[in-house]
Structures are given as structure tokens and as C-alpha cells.
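I would like to see how this sequence folds:
(chains A, B and C)
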Amino acid sequence: MRATTPTYDLTRGFWRENPVLVQLLGLCPALAVTNTVANSLAMGLATFFVLVGSSLLVSTLKNLIPHEVRISAYILIIATFVTVADLVLAAVVPDIHKALGAFIALIVVNCMILGRQEAFASKRPVGRALLDAIGTGAGFTVALLMMGGIREILGYGTFLGRPLLGASYEPWIVMILPPGGFFTLGFILLGFGWWESRRQQRSVVRDWPHGVGSTTRRTA
Amino acid sequence: MMGDLVWILVSAMLVNNFTLALFLGLCPFMGVSARVATALRMGAANIFVLVITSMTAWVLNTFVLGAAPYLRLISFIVVIASLVQIVEIAIKKISPTLFRELGIFLPLITTNCAILGLAIFQTNRGYGFLEGLFFAVGAGLGLTLALVLMASIREQTELATVPSLAKGMGLVLIIAGSLSLAFMGFAGLFSS
Amino acid sequence: MTEQHVANPPAVRLLGTLTLAGAFAGLLLVLVNGWAEPRIMAHRAEVLREAIHEVLGGPDRYETLFLVDGRFMADPPAERDTLRLDRIYAGYDASGRPIGLAISGGEPGFQDVIRLLFGFDPTTGRITGMKVLESKETPGLGDKIEKDSIFVAEFSGPVPPLKGVKSGSGSGDESEVDMITGATISSRTVIAIINHRLEELQPYLPVAGDVP
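Below you'll find the model as predicted:
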């Protein structure tokens, strides 16, 4: 693994390797609960909490966890944090908990979280693991908010429940239904692809052999 | 009674399709759906694991977790993960070809939302043993249907001229959105 | 990067580590649950209380009655698991007079199962109100069954068994309920849930004056 700077660890997950928009991980919650901004925010923060908590614990305990059972141990740790998040949400914001439903429990199987433990937290010092988790968690939350914002504005004509587009706006109900999730993310990815290809045409560039999804790092 | 069971099956398969309406099991949907043959096998593996999961969840709910429902998530994930591991070993022994085909995705079935999702939905809705079984089969058939449909469309798009920009995940997601829209037409199929 | 390569650690150690981790996780969850459970329960009770309040038109207090062997009673025998018993809620006014029964029910609607609570007054034989507790009906169309106040108001006063009619085409019959245009299936499901539940419970319902 290449040596990286702390700043790089913090910012990588936020933008360059954004879990949802670039790596396409954790799509299930990103598509399922992002029909309003409030739901997206709750899901983003819950996932952030689970990711940061698990990364801290995994990184602290990495020398105690035998290699052979590491995945089971990670899942155990993640499931514990998810249950905590589930109980706390149910006790503090019952309405949002009801709206998110089973998808809170499904944070356990968000590939992004397990992926960060296996690829990063289990191999790095606690501080770096924390930075990485904060960056990735924030990147995930921002991606969800982006989806939630687009879907709520077009689908209800509101933002965080406040009317935005006026009474004459006929909401695109499809945006808050399941197909809207697929379409929104699809168009966001197409937009990114377009932006990237324009930038490439402008400067003399190195290849992005795998398109936007590539994690190839540009050296500035 | 029989009507309820049929409704559960059809609802899980079409109206509330796991992949296209609930977004469960998207990893294999995006990953294995490039070839129809592979998609069929993946679907079969999923139905199998879902049925096992449903029975396991029922046993855990009925006999073990009554006193401590807040330990449900941990027990589900641990038990299901071990079960899938066993299935993986069994498939490796029985059909090395199948194992090669699905090799990379079998471990992923464990962290597949569809599996845990089934266990959780089944619990939340208070399904009994038989209802759970129908739910699992319906969900599995629904997953398979979505996978196969997606794979057939993707095989076609490979031969079509697509703007270079749209090649990749963006296009796949928009196709999935259209399929999801089409599946919404099944709503209201079973109502009074 | 330092990776630990222990030469085949004994199975006991692997199992031991996982057991220890499981025990810690369990302990933590017991603590968190101890904090969260009373709050979750309190919220659930509050939601139910509000719903009962709404469908019965503001009872002073209410009591849960369980159906045991064909009879409704407030205190089921200890050996019966109350979670598995069918139940209704009986509301009383300030002077202790029974004013109606709140009954819950659920059936598949357009998208998924619709669950609702409705009030029924055995003295007058009328429905006193309806509140949707759970539905995933299409936003903007089917979800009008809970958001359309005109439709909800249709359920204060009609005489069961209810008949759904196209909005505006009613003959003035006391059993008629105007359905929502564009959400016929969802409306019909709401009506069916009420009719089916009443039909199912009718033989056991406490008649006027008979409520404990």
C-alpha cells in the first residue's frame, strides 16, 4: 500500500473515491431512502456513525483479531453499532425511524463499511483510520443529500418539507417512487461523465482507462 | 389462507420486487447481469440461500430471540453468514463449474442486502413458517426475473451504438429505472 | 504495514476471541436497549392513544379488551400470550359510560398492506372514524386515503356494512362512502378492511350496556 498524507486520507473518500458516486458502493440505501432530504440526512448520519465507530474499534483491536476470523469479527462490530443506531433513532426520532424502516438494519450489509474495514482500518493506525472513516462517511452523506435534494424538489416541490416551487408546480411523483432513484443516480453519473470528458478534452491528459468509475489517481 | 400465500409470493416477486422496488440485492444486479446464463445461475443460488435464510430466521425468531429482540440483527447476520459459507463449500464440492462461474459473488451473497432484508421484512411482518417460505421463493424468483431481464437488455445494448458517454453504470441505472417503472404496472394486481 | 501472520492459531483462540467479542457486543446492546426501550414503548403507546382518540372522538380513557375463546375480556388468563390474542380498545367518557370501540385491521391494498384503526359505536351501530396507521400507497394518489380530509371525514357516521360509491353519485344511503377519484383500489381496500373486521368480530362484540 502506498504511503499517503493525512489530508489525502481525509479527502479521498469525500470526493475522488466517493463511495456512491464513484465506487458505486452502498447503492441499496442510496436509492431506497433518498426520497426526501430529511430521510437522506438521517440515513447518512446513521451510516457515518456506524462507519466511524467500527473503523475506530477495528483499527484499535487490529492486533487482537486473528486473521482467520477477521470478517466475522468486523461484521459483529458493525452489527453492534448498527443496532445502537437503530435503537437510538427509534427512541429519539420515531417518525424518521418509521420512514427508514428496515433500511437502518440493512446498514450492516452496506458493502462500503465492510470494505473500509478490510481495505483500510485493519491495516492503519487509529488516527488515519478515523480520518478515512470521516472522509468516506461524509462523502456518503453528501451523495445521499444530493440524491435526496433532487428527488424531493422534483417529486414533492419542497425542500426539507418547505414549499419551494410554488403551488402551480405539478410534482413529478415518479421521482419519489423507486424508478426515480435509479433515474436520479443514472443521470448524476452521466453528468459526471460528461463533465469529466469535457475536462479531458481541454487539457492534455492522461487516460482514464475505465471511465469515470476509475480510481486512477491524477498526479497534479 | 391459500390466497394470502399466493399474494405474498406474487407481491414479493412482482409488485414489491426486491431489486426494482426495494433496491435489495443490487450488487449482483449490477455485477452479474451482463450475461443471461450467469444471471440465471446467480438467481438460482439466491433462491436457494433465501429459502435457507427464511427457515433460519423463523427458527431464531420462534425459539431463541423471544426474550431479546434487540439481539436479532447480530444473530441473523452471524448465523446467515456461517450458513452461506457452508453453502459455498458445498457448491465447491458438488459443482466446481458453478463455483467458478459464481466464485467471486458467493461471498458477496452474505453481504447481499436481499438475504438480510428478507429475514428482517419477514420478522417485521410477523410471517409464520409457511408464509416465510412463500415470501422467500417469491423474492428469489423476483430477483432472478430482474437479473435475467437486465442481462437480456444488456446483451442487446452491447450491439447497439450507445454514445460513448453513456457506456457504463449510468446507462445500466437508467435501464434499471425503466424496468422499475414497468414493474410498477403490477401494482393493484391483487386487491379486493 | 504490519500484518500479523500467526502460524495457524488454535481453534480455541479463534473461538475465544469471537465469544469474547460477542459477549461485549451483547453487554453494550443490553445497556443501550435499557435506555432506549422505555422511550420506544412510550412513543408507541402515544401513537396508539392518539389514533384511538381520533377515531372515537375523544374518549376520556380507554381499555384494551382481548378476545379469549369467543369472549372479550380486559384481563386474559395469565397463561395466554397477550401478543397473540386479537384485541379491541373500548373507550369511555368522563362519567365512565362506554362511547365506542376502536378496532384495527389490515389487508393488501394497491402497493402493500394497509393497516388502519376505526371506531365503531355498538349503541348506534355507526362507524365513528378511521385513521390509517400504515400504508405504502402511491404518493399523490393512493396516499389520499390518509391525507385527504374529505375522504377521512366520510367515515364519521356511516352505517356498516359500508358501500363504496363513485364520488358524487351516491343515493344518500347511510352506508355509502364516497371513494377517491384516482385511488379506487386504495379506497375500496379501506372499506373492505372495516367490513371484514366487523363481520369477523360481530358475534363477539360486547353489545350496548354490556361492556365491563
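
tell me how far the residue sitting furthest away from the middle of chain A lies from A:Gly157.
Centroid-distance maximum for chain A: A:Ser168 at 34.1 Å, with CA atoms, centre = their mean. A:Ser168 sits 10 Å away from A:Gly157, going by CB to CB, to the nearest Å. All C-beta atoms are positioned from the backbone trio N, CA, C, and that covers glycine.

over to B:Gly117?
Taking CB to CB, one finds B:Gly117 at 31 Å from A:Gly157.

stretch C:48-59 close to chain A?
No: Stretch C:48-59 does not reach chain A (CB under 8 Å from any CB of the partner chain); its nearest approach is 12.4 Å.

and for that stretch, what's in contact with it?
Contacts with stretch C:48-59, where a contact means CB atoms under 8 Å, 6 or more residues apart in numbering or on different chains, come from C:62, C:89, C:91-93, C:99-100, C:102, C:117-119, C:128-131, C:133, C:156.

ok, now with 7 Å
C:62, C:89, C:91-93, C:99-100, C:102, C:117-119, C:128-131, C:133 (CB atoms under 7 Å, 6 or more residues apart in numbering or on different chains).

and that stretch, average pLDDT?
For stretch C:48-59, mean pLDDT is 88.

circling back to that earlier point, can you select the buried ones from the contacts of stretch C:48-59 in ChimeraX?
Under the burial definition 16 or more other CB atoms under 10 Å in any protein chain shown, those of the contacts of stretch C:48-59 that qualify are selected in ChimeraX by:
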select /C:62,89,91,92,99,100,102,117,118,119,128,129,130,131
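
contacting residues for A:Tyr169?
Per CB under 7 Å, 6+ apart, neighbours of A:Tyr169: A:Gly157.

surely it is in a helix?
No: the assignment for A:Tyr169 (DSSP: H, G, I helix; E, B strand; the rest coil) gives coil, which keeps it out of a helix.

next one: phi and psi at it?
Per-residue torsions, A:Tyr169: phi -80, psi 130 (degrees, to the nearest 10).

go on, the one 5 residues further on?
Phi and psi for A:Val174, reported as degrees, to the nearest 10, are phi -60, psi -30.

list the contacts for it?
Counting by CB under 7 Å, 6+ apart, A:Val174 has contacts A:Gly180.

per-residue confidence for the residue nearest the centre of chain A?
Nearest residue to the geometric centre of chain A (CA atoms, centre = their mean): A:Phe140, 2.2 Å. A:Phe140 carries a pLDDT value of 92.

please apply the same query to C:His43.
At C:His43, pLDDT is 90.

helix or strand for residue 47, which one?
Here I'm looking at chain A. Assigned by DSSP states H and E, A:Thr47 belongs to helix A:37-61.

wrong one, I was asking about chain C
helix C:11-55.

report the buried residues of the lowest-mean-pLDDT helix or strand in chain C.
Across the helices and strands of chain C, mean confidence by mean pLDDT, DSSP states H and E is lowest for strand C:71-73: a mean of 82. Across strand C:71-73, burial judged by 16+ other CB under 10 Å covers C:Phe72.

now it, how far from the centre of its chain.
19 Å (CA atoms, centre = their mean, to the nearest Å).

contacts for it, please.
So strand C:71-73 is in contact with C:Leu65, C:Phe66, C:Ile88, C:Tyr204, C:Pro206, going by CB under 7 Å, 6+ apart.
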